[in-house]
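*Asks:* When you get a sec, could you give me coordinates for this:
(chains A and B)
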Amino acid sequence: ETGVTQTPRHLVMGMTNKKSLKCEQHLGHNAMYWYKQSAKKPLELMFVYNFKEQTENNSVPSRFSPECPNSSHLFLHLHTLQPEDSALYLCASSQERLREQFFGPGTRLTVL
Amino acid sequence: TQLLEQSPQFLSIQEGENLTVYCNSSSVFSSLQWYRQEPGEGPVLLVTVVTGGEVKKLKRLTFQFGDARKDSSLHITAAQPGDTGLYLCAGAGSNYQLIWGAGTKLIIKP
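*Replies:* Numbers count the residues shown, from 1 in each chain, chains lettered A, B, ... in the order given. Got it, this is the predicted structure:
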């Protein structure tokens, strides 16, 4: 595998379910990001990890919980989501903050 | 709060036509990145501009950074169906974050 991979690619869940999104980067980068992408809106930065340490949490509801066990893997744990949380969730990595970001293909999440 | 506005939001043109999309702000950015996102994929970096007034070319795509580093444009010459996608700009903001525009959705019809 090369680049940034994300699983699953599609996820449908009920509001009471618990699920997790997985991201893996094979680029040796130090920073990893979770973004939420909704139609006609700018990418919303959710979480940033730099050298495995969470450096930012942009006022994200607690029903989203990130985990970064090592510099190559990033998870987003989902619990008790709302229909408005339906969106494309993108993972990205970069060598340094503000440098080029490499994105995975995203997980298309639908909350029923 | 730093914002980036992209225009137009949507553009549909015939193959072979020229087009320009814009990325504007009232804030100064130290650099600006342009990405293209195709359906079912994540954004992919096209270019980074750093110096005010800088012009970069990528085949039929020409990117310009404004002299004051507050705005940027992307011009496509003789558009091809393969240019179809969502074009995103992102500026390196003062709070060490990338500030993203909402994107221009471009459709090139054969």
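*Asks:* Point me to the residue of chain B nearest chain A.
*Replies:* Closest residue of chain B to chain A, Cβ to the nearest Cβ: B:G42 (2.8 Å). For the C-beta atoms, the positions are set from N, CA and C on the backbone; glycine is no exception.
*Asks:* Name the residues of chain B found near chain A, please.
*Replies:* Neighbours of chain A within chain B, by Cβ under 8 Å from any Cβ of the partner chain: B:4, B:9, B:30-31, B:33, B:40-45, B:48, B:88, B:90, B:92, B:96-103.
*Asks:* Show only the entries of those residues found in strands.
*Replies:* Within the residues of chain B next to chain A, residues falling in strands by DSSP state E are B:33, B:44-45, B:48, B:88, B:90, B:92, B:98-100.
*Asks:* pLDDT weak spots in chain A?
*Replies:* For chain A, the stretches flagged by pLDDT under 70 are A:1.
*Asks:* thinking again about what came up before, which among the residues of chain B next to chain A end up buried?
*Replies:* Buried by 16 or more other Cβ atoms under 10 Å in any protein chain shown: B:4, B:31, B:33, B:42-43, B:45, B:48, B:88, B:90, B:92, B:97-103, out of these.
*Asks:* For chain B, what's the nearest residue on chain A?
*Replies:* Closest point on chain A to chain B, by Cβ to the nearest Cβ, is A:F103, at 2.8 Å.
*Asks:* Counting neighbours, what do you get for that residue?
*Replies:* 24 (other Cβ atoms under 10 Å in any protein chain shown).
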